[in-house]
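**Student:** Just need the structure, nothing else, for what follows:
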Amino acid sequence: MKKMMKEIRSWVFSIGLALVLAMMIGVFVFQPTEVLGHSMDPTLQDQQRIYVSKLSHTFNYEPEYGDIVIIDSRVDRERTFKDDLLDNPLIRLFQDAEEGRNYVKRVIGKPGDVLEFRDHKVYRNGEELQEPYIKEAMLYTSDEKLVVPDEHVFVMGDNRNNSKDSRQIGFIPLSHVLGKKIF
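**Tutor:** Purely as a prediction, here's the structure:
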């Protein structure tokens, strides 16, 4: 009986350690996620599975222009470590996660950039962006010049006419950039 209890404890410890390691990898290193919706067509399709490097979020790296990133769209609130834990796929199995708050988008502007939307095109710092990845010409135009604040980015979907992005939700704090698509 004593030997059996020792064996059970060994299994429980091993399984517990594996779960903790899997959770830490998902919070700090990388995690799978699913694209929901058509805002990134044609680059990414609805329900496509992608893998995201969390290292940029863990070490506060600023994403590069054109990076496809996962963002927390709740830009009006501070993001906490608890949010990072609750975003983990292992935790989401056991709780009702708030759906629709994490978006997949492309980085268009970084801190200090001046963005303009004229002639159905995007201009960054006075230069028209060459965007072969967009689905179709953008219908959106504006006379306003936007300056990306420090510690923020501006993101847009590749399907510009069917994307809820920084044009609606505002600038994205770097703390809300949860990771970068790796494959």
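**Student:** use CA for all of it now, contacts and neighbours both
**Tutor:** OK.
**Student:** what about the helices in this protein?
**Tutor:** Secondary structure of the chain (DSSP state H): helices at 2-28, 55-58, 81-86, 89-92, 166-169.
**Student:** Ok, which of those comes nearest Gly126?
**Tutor:** Closest of the helices of the chain to Gly126 is helix 166-169, at 18.2 Å (criterion: C-alpha to C-alpha).
**Student:** for that closest one, which positions count as buried?
**Tutor:** For helix 166-169, the neighbour count (16 or more other C-alpha atoms under 10 Å) marks Ser166 as buried.
**Student:** Repeat that for stretch 65-80.
**Tutor:** Using 16+ other C-alpha under 10 Å as the burial criterion, the residues of stretch 65-80 that qualify are Asp67, Ile68, Val69, Ile70, Ile71, Asp72, Ser73, Val75.
**Student:** In this structure Arg49 contacts Leu36, no?
**Tutor:** No: counting by C-alpha atoms under 8 Å, Arg49 sits too far from Leu36 to count as a contact (9.5 Å).
**Student:** What part of the chain, helix or strand, is modelled with the least confidence?
**Tutor:** Counting by mean pLDDT, DSSP states H and E, the chain has its least confident helix or strand at helix 89-92, which shows a mean of 56.
**Student:** what about stretch 162-182, start to end distance?
**Tutor:** One end of stretch 162-182 sits 24 Å from the other (C-alpha to C-alpha, to the nearest Å).
**Student:** How far does it sit from its chain's centre?
**Tutor:** Mean C-alpha position of stretch 162-182 versus that of the full chain (C-alpha atoms, centre = their mean, to the nearest Å) differs by 6 Å.
**Student:** contacts for it?
**Tutor:** With contact meaning C-alpha atoms under 8 Å, 6 or more residues apart in numbering, stretch 162-182 is reached by 38-40, 50-57, 60, 62-63, 67-73, 75, 79, 105, 148-149, 151-157.
**Student:** For the closest residue to Glu128 other than its chain neighbours, which residues are in contact?
**Tutor:** Closest residue to Glu128 apart from its sequence neighbours, by C-alpha to C-alpha, 6 or more residues apart in numbering: Val122 at 5.9 Å. Val122 makes contacts with Leu115, Glu116, Glu128, Leu129, as judged by C-alpha under 8 Å, 6+ apart.
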